[in-house]
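A.B. asks: Sequence and computational prediction follow.
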Amino acid sequence: MDEEIGMLGADVIDLSELKGRTMINLDSEDEGIFTVSCAGGATATISLPAERKAVYGPCVRLSVDGLRGGHSGAEIHKNRANANKVMGEFMDRIQKRMPLCLTSLSGGTKDNAIPRSCQATMVAMGIQLERINAVAEELQAEIREKYDEPDAVVQAFDADALGGNGLSTQATAKVIGLLCAAPNGVQAMSQDIDGLVQTSLNMGIAKLGERFNVTFSVRSSVNSEKEDLLEKLRSLAKFFEGNYSQSGEYPAWEFRKDSVLRDTMVRIYREMFGKEPQVLAIHAGLECGLLGEKLPGLDCVSIGPQMHDIHTSREKLDIASTERTWKFLLEVLKNL
């Protein structure tokens, strides 16, 4: 039930009664691709104090929308903008022109999905909406040029209100500073496997409530790099006088050089479809690493039918691909 926020079930499941050491995982989303290794990861949250007070002045609503989003493991390298980071940059440019008091902010819904939109409301002292819209237009053009984001929209609206229950200008500056300073995206590429992301993180959720919380999905196939990145986030929390927490940590699933299961599946796929499958390591996280820790010597391959736009509201499953994958799975089971 918690797959979307980690692998909490796989982390605590008791497998001591299992004797088998062969597993076919059905959590992949590209037909014809056999996944045999994946990154480890963790979920990290930085939480800043958010003491509110009555603030007075014209209210403005800021919006970053229309971004492509996507899965933070499978698509982190595809040059897609992060709506929370864009909002941080938007507010930073505004605060350099006028004092701000933030009253609301919400961006992203899952730590492992690249956020497509972020909304914020603020009280801007000495507001000139035309000046803010000029900043929005400039930033929108930059995002469309810098990233693969042809439909990016950055806007400001009159919120039709005077004042609200918001943060001080100092607390607002810390929120903006954290959004701008926090690392995001690809941090290192593999030196051994061409095109494979080695280390990354995704600022998946930013939310102003009783506190201001920012949640990251951190991934790496090199444990020391994962720990270094988590330590960097821990240091950021301390710098901005906030709290740091961590959950859902899972190990990398390391490549197995000798695999009877992989060889069998490759042979059957070739016989059924007349072509070779792709055997890949991926940057996304799978339960196989956690289960492999509990079952030493586990021989595992992950497959699945074709899916599109995973972890987004546009997620789709190819029905014909599902039928082919089912028939292939049955044939593999007959040969084990």
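C.D. replies: Right, received. Where do you want to start?
A.B. asks: could you dump the host helix or strand of V175 to CSV, C-alpha only?
C.D. replies: Here V175, judged by DSSP states H and E, is contained in helix 169-181. Output of helix 169-181 as CSV, limited to C-alpha atoms (Å, rounded to 0.1, in the frame of the first residue of the first chain):
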residue,chain,number,x,y,z
THR,A,169,9.8,38.3,5.5
GLN,A,170,12.7,36.6,7.2
ALA,A,171,10.9,33.2,7.4
THR,A,172,9.8,33.6,3.8
ALA,A,173,13.4,34.3,2.7
LYS,A,174,14.5,31.0,4.4
VAL,A,175,11.8,29.1,2.5
ILE,A,176,12.9,30.6,-0.8
GLY,A,177,16.6,30.1,0.1
LEU,A,178,16.0,26.3,0.8
LEU,A,179,14.1,25.9,-2.5
CYS,A,180,16.9,27.6,-4.4
ALA,A,181,19.8,26.0,-2.6
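A.B. asks: Look at R256 and tell me its secondary structure.
C.D. replies: Secondary structure, DSSP: H, G, I helix; E, B strand; the rest coil: R256 is coil.
A.B. asks: now do E241
C.D. replies: The three-state label given to E241 by three-state DSSP is coil.
A.B. asks: just I205 next, same as before
C.D. replies: I205 ends up strand, using three-state DSSP.
A.B. asks: circling back to that earlier point, can you name every helix or strand that the helix holding V175 contacts?
C.D. replies: Helix 169-181 makes packing contacts with strand 40-49, helix 83-95, strand 100-107, strand 197-208, strand 211-220 when contacts are defined by 3 or more Cβ pairs under 8 Å, 6 or more residues apart in numbering; DSSP states H and E. Just so you know, the C-beta spots here come from the backbone N, C-alpha and C atoms, and that holds for glycine as well.
A.B. asks: can you redo those as CSV with distance to N335, mean pLDDT and mean neighbour count?
C.D. replies: Formatted as CSV, the helices and strands packed on helix 169-181 follow (distance: least, Cβ to Cβ, whole Å; pLDDT from 0 to 100; neighbours: other Cβ atoms under 10 Å):
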stretch, distance to N335, mean pLDDT, mean neighbour count
strand 40-49, 31, 96, 22
helix 83-95, 47, 97, 23
strand 100-107, 48, 96, 24
strand 197-208, 34, 97, 24
strand 211-220, 34, 97, 24
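A.B. asks: Okay, buried residues for the strand or helix carrying E142 please.
C.D. replies: For E142, the host element (DSSP H and E) is helix 129-146. The neighbour-count check on helix 129-146 (16 or more other Cβ atoms under 10 Å) flags I132, V135, A136, L139, Q140, I143, R144 as buried.
A.B. asks: In CSV, list the C-alpha atoms belonging to the next helix or strand after it.
C.D. replies: Scanning forward in sequence from helix 129-146 by DSSP H and E, the next helix or strand is strand 153-166. Backbone C-alpha positions of strand 153-166 (Å, rounded to 0.1, in the frame of the first residue of the first chain) are rendered in CSV as follows:
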residue,chain,number,x,y,z
VAL,A,153,3.5,28.3,-17.8
VAL,A,154,4.6,30.8,-15.2
GLN,A,155,2.0,33.3,-14.1
ALA,A,156,1.0,35.8,-11.4
PHE,A,157,-2.6,36.7,-10.5
ASP,A,158,-4.3,39.2,-8.2
ALA,A,159,-5.6,37.1,-5.4
ASP,A,160,-8.3,39.6,-4.7
ALA,A,161,-7.5,39.8,-1.0
LEU,A,162,-5.8,42.1,1.4
GLY,A,163,-3.5,40.5,3.9
GLY,A,164,-3.6,37.1,5.5
ASN,A,165,-2.0,34.7,8.0
GLY,A,166,1.5,34.5,6.7
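A.B. asks: which regions of the stretch 51-200 of the chain sit below the pLDDT cut-off?
C.D. replies: Scanning the stretch 51-200 of the chain for pLDDT under 70 picks out the ranges 127.
A.B. asks: if you set the cut-off to 90 instead, what comes out?
C.D. replies: Along the stretch 51-200 of the chain, the model assigns pLDDT under 90 to residues 56-58, 73-74, 98, 124-130, 159-164, 190-196.
A.B. asks: Return the residues in contact with G209.
C.D. replies: Residues near G209 by Cβ atoms under 8 Å, 6 or more residues apart in numbering: A50.
A.B. asks: still on that earlier bit, indicate each strand paired with the helix or strand just after the helix holding V175 and its parallel or antiparallel sense.
C.D. replies: Counting by DSSP H and E, the next helix or strand C-terminal to helix 169-181 is strand 185-189. Strand pairing for strand 185-189, using DSSP bridges, gives strand 197-208 (antiparallel).
A.B. asks: Now do the partner strand against strand 40-49, angle only.
C.D. replies: Computed by axes from the mean of the first three to the mean of the last three Cα atoms, to 10 degrees, the angle separating strand 197-208 from strand 40-49 equals 30 degrees.
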